[in-house]
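*Asks:* Starting from these lines, generate the structure:
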Amino acid sequence: MKLTFGQKIKNLREDLELNQTELGRAVNMTQRKISYIECNKYEPSIQDIIALCNFFKVSSDYLLGINKEYKYYD
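*Replies:* A predicted model of the protein is given here:
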């Protein structure tokens, strides 16, 4: 099953045991925006994608579905 961008963000957030508000604070977004991203109701901007990649230490290729592998970077 192919995960959506939002599902990947939700899974990464839950792996770190964060709620949407905590993630939002960490990446300078509102809880509502995080919720909309996770539900695929909002298409994140490039700046949003960069912030999420940097926070979770994953590649944009992974989040965007270009590369299926779950890779962390340093």
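*Asks:* So Phe5 sits against Tyr62, correct?
*Replies:* No. Applying C-beta atoms under 8 Å, one finds Phe5 not in contact with Tyr62, separated by 10.0 Å. Using the backbone N, CA and C atoms, a C-beta is placed for each residue, glycine as well.
*Asks:* More neighbours: which of those two?
*Replies:* Using other C-beta atoms under 10 Å as the criterion, Phe5 and Tyr62 rank with Tyr62 on top: 21 against 18.
*Asks:* Can you tell me the SS state at the more buried one?
*Replies:* helix (DSSP: H, G, I helix; E, B strand; the rest coil).
*Asks:* looking at the chain, which helix or strand is least sure?
*Replies:* Least confident element among the helices and strands of the chain, by mean pLDDT, DSSP states H and E: helix 60-64 (a mean of 92).
*Asks:* Please put the alpha-carbon coordinates of that one into PDB.
*Replies:* Extracted C-alpha coordinates of helix 60-64, given in PDB (Å, rounded to 0.1, in the frame of the first residue of the first chain):
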ATOM      1  CA  SER A  60      12.000  15.100   0.400                       C
ATOM      2  CA  ASP A  61      12.100  12.200  -2.100                       C
ATOM      3  CA  TYR A  62      10.800   9.900   0.700                       C
ATOM      4  CA  LEU A  63       8.000  12.300   1.700                       C
ATOM      5  CA  LEU A  64       7.000  13.000  -1.900                       C
END
